[in-house]
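Student: I'd like to go over a predicted model; first the sequence, then the structure.
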Amino acid sequence: MILSLFFIFSLIFASSSAAVQDFCVGDLALPYGPAGYSCKSPSKVTVDDFVFSGLGKAGNTSNLIKAAVTPAFAPQFPAVNGLGLSIARLDLAVEGVVPMHSHPGGSELLIVVQGCICAGFISSSDNKVYYKTLYSGDTMVFPQGLLHFQINSGNTAALAFVTFSSPSPGLQITAFALFGNNLPTELVERTTFLDEAEVKKLKAVLGGTG
Ligand SMILES: *[C@@H]1O[C@H](CO)[C@@H](O)[C@H](O)[C@H]1NC(C)=O
């Protein structure tokens with residue numbers, strides 16, 4: 001009886017140690033596929049692979065949106081490859097905004113560390129808007145793929161950290177997607193209901209042509 005229990009346990013341990021892969025630090029030299037990066041050889045992995053020090057410093061907010069997102073996604077922090085998560089730092093100067101955007105690959109959790117941020121998202125089922133002003137310590141969730149935004153609604157710089165349920169959540173900023181490209185103005189007018197002057201103005205501001 002004891003002997004057979006012993007055999008069962010040794011079988012369980014043997015099979016689980018064979019099946020479980022503890023980590024898959026991405027090898028950025030190899031191509032990126034639907035399942036992420038291929039694994040760096042475990043013999044070459046050190047503790048430093050699991051530490052990312054890039055989020056301690058404010059990003060440069062001297063830009064059109066007065067905001068900076070500093071990502072620690074798989075390309076910057078290959079240790080998150082295969083683990084289903086990642087993180088980024090969000091700096092919003094006074095009047096800063098992360099314009100309406102979506103992450104096709106993952107849901108987002110935001111925690112405000114400093115300042116106050118008006119944040120919200122829009123449901124895809126009925127275009128209902130969920131938005132609120134968040135203060136230091138507040139956390140808000142943005143479900144995967146939905147359009148959302150963050151605006152600095154205070155008169156000091158705001159700082160937040162955002163985590164994602166994907167090592168590569170992706171990012172598409174709606175205004176850049178619509179106007180920062182070379183789709184002819186006439187087609188942009190037809191597909192957005194905006195007039196020519198407005199489309200040309202937005203193309204100029206957002207780097208589009210045509
Ligand atoms: C921030 O970005 C602006 C615009 O690209 C640049 O002129 C400036 O030198 C940058 N500041 C720092 C501290 O890197």
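Tutor: Here it is on my side, so go on.

Student: tell me the strands in this structure, going along the chain?
Tutor: 67-72, 86-92, 97-102, 108-114, 116-122, 129-135, 139-142, 148-152, 158-164, 172-173 (DSSP state E).

Student: turn those into CSV, columns for distance to residue 46, mean pLDDT and mean neighbour count.
Tutor: The way it works is simple: take the backbone N, C-alpha and C, and place the C-beta from them, glycine included. Shown next, in CSV, are these (distance: least, C-beta to C-beta, whole Å; pLDDT from 0 to 100; neighbours: other C-beta atoms under 10 Å):
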stretch, distance to residue 46, mean pLDDT, mean neighbour count
strand 67-72, 18, 98, 20
strand 86-92, 20, 98, 23
strand 97-102, 34, 98, 19
strand 108-114, 29, 98, 18
strand 116-122, 36, 98, 20
strand 129-135, 38, 98, 14
strand 139-142, 33, 98, 18
strand 148-152, 35, 98, 23
strand 158-164, 24, 98, 22
strand 172-173, 35, 96, 14
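
Student: who wins for proximity to residue 24 among the ones you listed?
Tutor: Residue 24 lies closest, by C-beta to C-beta, to one member of those: strand 86-92, at 14.0 Å.

Student: let's have the strands of the chain in CSV, adding distance to residue 193.
Tutor: Output for those, formatted as CSV (distance: least, C-beta to C-beta, whole Å):
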stretch, distance to residue 193
strand 67-72, 27
strand 86-92, 30
strand 97-102, 16
strand 108-114, 29
strand 116-122, 17
strand 129-135, 19
strand 139-142, 26
strand 148-152, 20
strand 158-164, 32
strand 172-173, 20
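
Student: mind checking those strands for the one nearest to residue 189?
Tutor: strand 97-102 (19.5 Å).

Student: and the strands of the chain: which comes nearest residue 55?
Tutor: strand 86-92 (4.4 Å).

Student: for this structure, give me the ranges with low pLDDT.
Tutor: Across the chain, the ranges flagged by pLDDT under 70 are 1-19.

Student: if anything else comes up later, I'll come back, but that's it for now.
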